[in-house]
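Participant: mind looking at a prediction? Sequence and model below.
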Amino acid sequence: MTDPLEWETLDESVAYSCPGFDVIHEEVRLPDGTETDFDYASEPPAAVILPFTSGGEVVLIEEWRQAVKRVNRGLPAGSMEPGEDRKTAARRELVEETGYEAGEMEFLASVEPANGLLDAVHHYFVAHDCEPTGQQELDFNESIRVATTDWEALLADVQSGEVRDGRTVTGVLQYALST
């Protein structure tokens, strides 16, 4: 059964493609019969990790974000590889971005962060007993340093607006609400 709010896609093409995402252009028919176009960004699903060390510290990344022209403090995260399950992606991204490995990895939530603009899905995990076991394996376009902080300090920074990264704010608040 079709929802009366559903739009009909008449045609679809990739308007622009770059590493990380595509811009999709669609010709659509609205419920009232009006035909128009709609563009959105399409990216692979991603894993976002809230990693705790065995000592209770949170492992964060500090990463240059060109779009906002500043260093962003946040949770490690990254796109899933084709055919990769979300938990495997979370473990891989944690190691690649931080050099830490998780003893345990627990699913927290799946979120569509901006479904009016993009088709992204972020799968959140809480990692426990994380230990530094190796070196970062950063992508060519990642500028990241690793830091640790206390959970209460991170939560306070999210509440005060000091941490502005949407993935991090979502993960921290989701975890705070679940504990």
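Facilitator: Alright, I've got the coordinates. Numbers count the residues shown, from 1 in each chain.

Participant: pretty sure residue 88 sits in a strand.
Facilitator: No: under DSSP: H, G, I helix; E, B strand; the rest coil, residue 88 falls outside any strand and is assigned helix.

Participant: and the strands in the chain?
Facilitator: For the chain, the strands defined by DSSP state E cover 8-18, 21-29, 35-42, 46-53, 57-65, 70-74, 77-79, 100-101, 104-111, 122-132, 144-150.

Participant: and those, which is most packed in?
Facilitator: Of all these, strand 46-53 has the most neighbours on average by mean count of other CB atoms under 10 Å, namely a mean of 24. C-beta here means a position set from N, CA and C on the backbone, and glycine is covered the same way.

Participant: for burial, what's the neighbour tally of the nearest residue to residue 19 once chain neighbours are set aside?
Facilitator: Nearest residue to residue 19, sequence neighbours excluded (CB to CB, 6 or more residues apart in numbering): residue 141, at 7.3 Å. Using other CB atoms under 10 Å, residue 141 is surrounded by 9 other residues.

Participant: follow-up on the earlier one: of all the strands of the chain, which one is nearest residue 170?
Facilitator: In terms of CB to CB, the element of the strands of the chain nearest to residue 170 is strand 104-111, at 5.7 Å.

Participant: separation between the residue of the chain most remote from its centre and residue 11?
Facilitator: Here the chain reaches farthest from its C-alpha mean at residue 33, the gap being 35.6 Å by CA atoms, centre = their mean. Distance, residue 33 to residue 11, by CB to CB, to the nearest Å: 16 Å.

Participant: residue 49 reaches residue 76, doesn't it?
Facilitator: Yes: here residue 49 lies in contact with residue 76, judged by CB atoms under 8 Å, at a distance of 5.0 Å.

Participant: okay, and the common contacts of those two?
Facilitator: Residues touching both residue 49 and residue 76 comprise 93, 94, with contact defined as CB atoms under 8 Å, 6 or more residues apart in numbering.

Participant: pLDDT at the nearest residue to residue 129 once chain neighbours are set aside, what is it?
Facilitator: Once flanking residues are discounted, residue 129 sits nearest to residue 103: 2.9 Å by CB to CB, 6+ apart. Per-residue confidence (pLDDT) for residue 103: 96.

Participant: before we move on, what about residue 136?
Facilitator: 84.

Participant: tell me how many other residues crowd the closest residue to it other than its chain neighbours.
Facilitator: The shortest distance from residue 136 to any non-neighbouring residue, by CB to CB, 6+ apart, is to residue 99 (5.1 Å). For residue 99, the neighbour count with other CB under 10 Å is 16.

Participant: OK, contacts around residue 99?
Facilitator: By CB under 8 Å, 6+ apart, residue 99 lies in contact with 132, 133, 134, 135, 136, 146.

Participant: look up phi and psi at the fourth one.
Facilitator: By that I understand residue 135. Backbone geometry at residue 135, expressed as degrees, to the nearest 10, gives phi -100, psi 160.
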